[in-house]
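> fold the following and give me the result.
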Amino acid sequence: GTIRIAMDHIHGRCFLGVANTLSTVPSPHFHEDPDIFDEEDKKSITYSEVYIWSRSNFPGNEHFILLREIATKNVVDLQFLDVYPNDHGFDRDSFIAFVHSDNVVEIYKYHTDRRNFFIFQTLAFDDEYQVTSLSSFYLKSSTYLIISSVPQGLLIYQYRCIEGFKFYLQVPLPDVQDFTYFVSHKKIFFPVASSEPLVAQGKIQGPAF
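Numbers count the residues shown, from 1 in each chain. Below is the predicted model:
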């Protein structure tokens, strides 16, 4: 069933991402048989979707239509990401990222000429990382992807034009359950909820901020 949803506006259109957990019934719409999964892996494949809002000239006839399905392995979270390639803000690149249950983060990029999302980058982590969630923020002309890991804390990746999302900084915090962030005086603060009685607060600062 569905575990997470996310929305974004790309070039004036509304997009809906849907992350699904394991289903025993393969999607009738999915026609790909990706080579990245072996026979054992295919038993745990789920089918997450991206929808686009259908504009209509007839009031009341608007609805979401399926843009594409993506073969995933029991997704636990998803996140839309917007990257501004220049300081003017006239254009942007858009992505959607899925966290798989086997600690793999797959990032898909929206191609305006093809009007769809296609695989862009894969971030794979060892089993001990236990990746649980994603978030992002935009600051000083840079987009940052935050990956939450139960034993490792917060792993922060910075988007670079040619290289994609590259590791930038780790905020070591134990047993991260949830987190948010805010900006104050050009610094980023991370209130983090853990299994401990108190809510810890992490702070990062550096030349990029």
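> and the nearest residue to Tyr168 once chain neighbours are set aside, what pLDDT?
The shortest distance from Tyr168 to any residue that is not its chain neighbour, by C-beta to C-beta, 6 or more residues apart in numbering, is 4.1 Å, and that residue is Gln158. In short, each C-beta sits where N, CA and C put it, glycine included. pLDDT, Gln158: 92.
> near Phe190, how many other residues are there?
21 (other C-beta atoms under 10 Å).
> which other helices and strands contact the helix or strand where it lies?
Counting by DSSP states H and E, the element that carries Phe190 is strand 187-194. Taking 3 or more C-beta pairs under 8 Å, 6 or more residues apart in numbering; DSSP states H and E as contact, the helices and strands that strand 187-194 lies on are strand 153-160, strand 176-179, strand 182-184, strand 199-204.
> can you tell me which of those strands is packed in deepest?
For the helices and strands packed on strand 187-194, the stretch with the most neighbours on average is strand 153-160, a mean of 20; neighbours defined as mean count of other C-beta atoms under 10 Å.
> can you list the strands that it pairs with?
Using DSSP bridges, the strands paired with strand 153-160 are strand 142-149 (antiparallel), strand 164-171 (antiparallel).
> the ones you listed into TSV, with extra columns for distance to Asp77 and mean neighbour count?
What follows is those, written out as TSV (distance: least, C-beta to C-beta, whole Å; neighbours: other C-beta atoms under 10 Å):
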stretch	distance to Asp77	mean neighbour count
strand 142-149	8	22
strand 164-171	16	16
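> could you dump those to JSON lines with mean pLDDT?
Formatted as JSON lines, the strands paired with strand 153-160 follow (pLDDT from 0 to 100):
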{"stretch": "strand 142-149", "mean pLDDT": "89"}
{"stretch": "strand 164-171", "mean pLDDT": "91"}
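> and those as a markdown table, adding distance to Tyr47?
Converted to a markdown table, the strands paired with strand 153-160 look like this (distance: least, C-beta to C-beta, whole Å):
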| stretch | distance to Tyr47 |
| --- | --- |
| strand 142-149 | 23 |
| strand 164-171 | 24 |
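> among those, which comes closest to Phe190?
strand 164-171 (6.3 Å; C-beta to C-beta).
> picking up where we left off before, which one of the helices and strands packed on strand 187-194 lies nearest to Ile5?
Checking the helices and strands packed on strand 187-194 against Ile5 by C-beta to C-beta gives strand 176-179 as the closest, at 17.1 Å.
> partner strands of the closest one, with direction?
Strand 176-179 has the following strand partners under DSSP bridges: strand 187-194 (antiparallel).
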